[in-house]
Structures are given as structure tokens and as C-alpha cells.
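A.B. asks: Predicted coordinates and the sequence they were generated for:
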Amino acid sequence: MRPRRQVEPVRPVPQARVNDAIRAARVRLIDEDGSQVGLKDTKEAIAYAHSKDLDLVEVASQADPPVARIMDYGKYRYEQEQKAKLARKHQSQIHVKEIKLRPKIGTHDYETKKGHVVRFLNQRAKVKVTIMFRGRETTHPERGRDLLMRLAEDVSEIGQIESPPLLDGRNMVMVLGPTKNAGVAKTDAKTEDTERGEEAIQDQRGREDLAQPASPDYAAGPRGEEPREAEALPAERAGRV
């Protein structure tokens, strides 16, 4: 078996020494405005910082003598925390989920696994799909490759292949990454298509109304009115004669 990699724990960044925590006897002092004050005894520098109601902070402990600066340490720490929080906010975290399949997986189990892949991709996470071979199944790796490509095709709308199927010992691994459509609800796309269709129908009706010619005034009346007017003309002529 392949030995597992041991991940070292993340160690907290050591904080700068402040005021009485500074161990050096002398420091190179920098004033609050950035100007060089010169070499000072540590106690004298601390007293100078306290006279301005500020702190003496060791900013370069590796120097000889160490470099210390006068500042408001509480305000400095607050600004640093805000910058770190803003950087974490804009930093995109990539999560990798893993799904394991067997080359002889059933239809129901395949649909269930595919549903998990769809859910992970819609969460903007990468999916590592692993085909596990056992016994003589290793003599037919093409079955696992075909299954992985089938899965990639079924989720092609929201997932794309970032790492093609590769054989790793008794396993075959493929990595899928989310596309731009991942996480977008299908109902939004259907609603947009429906609205466009209704607008097209309204435009077509408006064009038909404009294209239809206007009817004359006499045509609006009942059909019997025209023969009556025609019959009245001979009667008037007979009276004149």
C-alpha cells in the first residue's frame, strides 16, 4: 500500500514583541512618522513611546540591533486583521469531493451516484470520480473508462473534464470541474425562455393588426341594408315618370 502523506499542522504566526516583551537591550528606533531616531536603550525607547501614549513594537527581530517602531499596536493589529479578513473573502476556496464507483454498478446505484456528482458540481466543487477494480476486473480497464466518459457526458451541462481517466494501480481516476452553468437553477432559464416566447407572440399579433386593411363604413352594417337601398332606386324613378 502507498504510504499516506503526513500533513504538518499549520502553526500560528508569532506575534511581534511589544513594550516590555522586547528582550534586546538596545533597539534601532523609528518614530511614528517613519523618521529614524537612532540607537536607543530599550527602556528609554519604551518611555519615549509611552510619553506619546503609543507602543514600542519590534518590527525586525533578526536585525542587530533589532528594529523597533513607535505605533498604536491595537490599531495596527485591527488593520492587519481587517486586511486578512478581506483577503480571505476574495480568495476562492476550491473543495474537492470524491465519488467511488464499481465497473459493474447497477442502474439505480449509478443514478444515485450521478445525483451526488450533480449536487457537488452545483455547489461549485470539483469531483474526483474513482472506479475501483477488483480481481479480474483489472483486465478490462476500458469498462471503467467507458463508465467515466458516460458520467461526464451525462453531467456535461454543469461539469467538464479537468483530468481525463487515468489508471492508478487498481483504480481509475477522473476529475470533473464545474462550468459556468453550475449552480444556476433550470427554472430561471425556463422562465426567461417563456417570457421571450410571450414577447414574440405579442409582437406577431401587433404586426398582424397593422397589416390588416381598414373596412369601409357601410360594410359594418347588416348585409340586408345594401339590397334595400338598391330596391328603393327603381321606385323613385317610377314616381317621377
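C.D. replies: Received it, and whenever you're ready, just let me know what you need. Only a predicted model underlies this, so the values are computations on that prediction, with no experimental measurement involved. Residues are numbered from 1 along each chain as shown.
A.B. asks: ok, now which ones touch the residue lying closest to residue 41 once chain neighbours are set aside?
C.D. replies: Ranked by C-beta to C-beta, 6 or more residues apart in numbering and with sequence neighbours excluded, the top spatial neighbour of residue 41 is residue 26, at 5.7 Å. All C-beta atoms are positioned from the backbone trio N, CA, C, and that covers glycine. Listed by C-beta atoms under 8 Å, 6 or more residues apart in numbering, the contact partners of residue 26 are 39, 40, 41, 42, 65.
A.B. asks: From these, which land in strands?
C.D. replies: Of the contacts of residue 26, the ones assigned to strands by DSSP state E are 39, 40, 41.
A.B. asks: Now render those as CSV, adding neighbour count and pLDDT.
C.D. replies: Listed next are those as CSV, based on neighbours: other C-beta atoms under 10 Å; pLDDT from 0 to 100:
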residue, neighbour count, pLDDT
39, 11, 87
40, 18, 84
41, 13, 88
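A.B. asks: Which parts of the chain are strands?
C.D. replies: Using DSSP E, the strands of the chain run over residues 26-30, 36-41, 55-60, 67-71, 96-101, 126-132, 159-168, 171-178.
A.B. asks: Could you single out the most deeply buried of those strands?
C.D. replies: Of all these, strand 67-71 has the most neighbours on average by mean count of other C-beta atoms under 10 Å, namely a mean of 23.
A.B. asks: what angle sits between it and strand 55-60?
C.D. replies: If you take axes from the mean of the first three to the mean of the last three C-alpha atoms, to 10 degrees, strand 67-71 sits at 150 degrees to strand 55-60.
A.B. asks: the inter-axis angle of strand 67-71 versus strand 26-30?
C.D. replies: If you take the same axes, to 10 degrees, strand 67-71 sits at 50 degrees to strand 26-30.
A.B. asks: got a list of what residue 98 touches?
C.D. replies: Neighbour list for residue 98: 127, 128, 129, 130 [criterion: C-beta under 8 Å, 6+ apart].
A.B. asks: quick check, nearest of those residues to residue 160?
C.D. replies: Among the contacts of residue 98, residue 127 lies closest to residue 160 (C-beta to C-beta), at 10.9 Å.
A.B. asks: what residues are up against the closest one?
C.D. replies: If you count contacts by C-beta under 8 Å, 6+ apart, then residue 127 has 96, 97, 98, 99, 117, 120, 121, 159, 175, 176 around it.
A.B. asks: Please name the bridge partners of residue 175.
C.D. replies: When bridges are called by DSSP bridges, residue 175 pairs up with residue 128, residue 163.
A.B. asks: can I see the domain layout of the chain?
C.D. replies: The record assigns the chain these domain ranges, following automatic domain parsing: 19-73, 96-178.
A.B. asks: now do the same end-to-end measure for the last one.
C.D. replies: Translated: domain 96-178. 11 Å (C-alpha to C-alpha, to the nearest Å).
A.B. asks: follow-up on the earlier one: could you dump the contacts of residue 98 to a markdown table with distance to residue 106 and pLDDT?
C.D. replies: Converted to a markdown table, the contacts of residue 98 look like this (distance: C-beta to C-beta, whole Å; pLDDT from 0 to 100):
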| residue | distance to residue 106 | pLDDT |
| --- | --- | --- |
| 127 | 20 | 95 |
| 128 | 22 | 95 |
| 129 | 17 | 95 |
| 130 | 18 | 95 |
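A.B. asks: how about the residues you listed in JSON lines, adding distance to residue 59?
C.D. replies: Shown next, in JSON lines, are the contacts of residue 98 (distance: C-beta to C-beta, whole Å):
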{"residue": "127", "distance to residue 59": "46"}
{"residue": "128", "distance to residue 59": "44"}
{"residue": "129", "distance to residue 59": "50"}
{"residue": "130", "distance to residue 59": "49"}
